[in-house]
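Asker: could you look at this predicted model? Sequence included:
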Amino acid sequence: SLCRASMSGVEQPKRAKGRMELGEVTHHNLQQLKLVNSIIFPVNYNDKFYQDVLASGENAKLAFYEDIVVGGVCCRVDTENGEKKMYIMTLGCLAPYRGLGVGRMMLNHVLSQAKKDSSIKSVFLHVQTSNEDAIAFYKKFGFQITGTKADYYKRITPTDAHVLTLTL
């Protein structure tokens with residue numbers, strides 16, 4: 001395993017961090033984003049989602065680790081009651097590459113994009129209520145659970161999602 005593993009009760013050190021970067025999502029690499037998302041997330045995203053991703057510019061990025069696609073982030077700006085918010089639609093990293101800073105790199109990109117527009121007041125996302133790792137990850141950045149949506153998911157259990165929000 002590429003993550004910490006316990007062999008004979010001895011904790012193995014994490015491997016050294018490699019080169020990480022974000023890249024543009026294009027027609028040429030869209031299939032890689034679809035594949036990564038299909039592995040990471042328990043829900044499937046439709047063609048309309050990916051067409052919107054292609055049109056979203058800096059709000060959609062692939063995450064590369066040593067030139068290998070290991071994750072992706074897709075977000076959009078929503079307006080609710082006249083207030084602009086950045087909505088993280090997907091942010092995920094393949095399990096063997098977690099804990100190396102890939103997620104932090106993607107989230108920092110989202111936060112910097114949101115802060116470029118002073119009218120964006122918060123960043124939010126939905127997380128399955130059972131996804132404790134994701135909840136802990138976002139809380140490290142100051143996100144708080146601001147609500148729970150019952151039956152948010154249709155084909156996975158649990159069906160409820162927490163709304164996590166970071167006020168900028």
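Answerer: Perfect, thanks for sending it.
Asker: strand partners (parallel or antiparallel) of the lengthiest strand in the chain?
Answerer: Ranked by residue count under DSSP state E, the longest strand found in the chain is strand 68-80. Partners of strand 68-80 in the sheet, by DSSP bridges, are strand 60-65 (antiparallel), strand 83-93 (antiparallel).
Asker: with mean neighbour count, distance to residue 111 and mean pLDDT added, can I get these in CSV?
Answerer: C-beta: built from backbone N, CA, C; applies to glycine. Output for the strands paired with strand 68-80, formatted as CSV (neighbours: other C-beta atoms under 10 Å; distance: least, C-beta to C-beta, whole Å; pLDDT from 0 to 100):
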stretch, mean neighbour count, distance to residue 111, mean pLDDT
strand 60-65, 23, 13, 97
strand 83-93, 20, 8, 96
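Asker: give me the buried positions along the helix or strand where residue 148 lies.
Answerer: Counting by DSSP states H and E, the element that carries residue 148 is strand 144-149. For strand 144-149, the neighbour count (16 or more other C-beta atoms under 10 Å) marks no residue as buried.
Asker: which residues are contacting that strand?
Answerer: Applying C-beta atoms under 8 Å, 6 or more residues apart in numbering, the external contacts of strand 144-149 come out as 124, 126, 129, 135, 160, 161, 162, 163, 164, 165, 166.
Asker: need the max-distance pair from those.
Answerer: Among those, the pair separated by the greatest distance (C-beta to C-beta) is 160 and 166, at 20.5 Å.
Asker: who has more neighbours out of the two?
Answerer: Between residue 160 and residue 166, counted using other C-beta atoms under 10 Å, the more crowded position is residue 166 (21 against 15).
Asker: now do stretch 98-118: distance to the chain's middle.
Answerer: Mean-position distance between stretch 98-118 and its chain equals 9 Å (C-alpha atoms, centre = their mean, to the nearest Å).
Asker: what are the buried residues along it?
Answerer: Those would be 98-103, 105-107, 109-111, 113-114, for stretch 98-118 by 16+ other C-beta under 10 Å.
Asker: okay, those residues in JSON lines with secondary structure next?
Answerer: Below are those laid out as JSON lines (DSSP: H, G, I helix; E, B strand; the rest coil):
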{"residue": "98", "secondary structure": "coil"}
{"residue": "99", "secondary structure": "coil"}
{"residue": "100", "secondary structure": "coil"}
{"residue": "101", "secondary structure": "coil"}
{"residue": "102", "secondary structure": "helix"}
{"residue": "103", "secondary structure": "helix"}
{"residue": "105", "secondary structure": "helix"}
{"residue": "106", "secondary structure": "helix"}
{"residue": "107", "secondary structure": "helix"}
{"residue": "109", "secondary structure": "helix"}
{"residue": "110", "secondary structure": "helix"}
{"residue": "111", "secondary structure": "helix"}
{"residue": "113", "secondary structure": "helix"}
{"residue": "114", "secondary structure": "helix"}
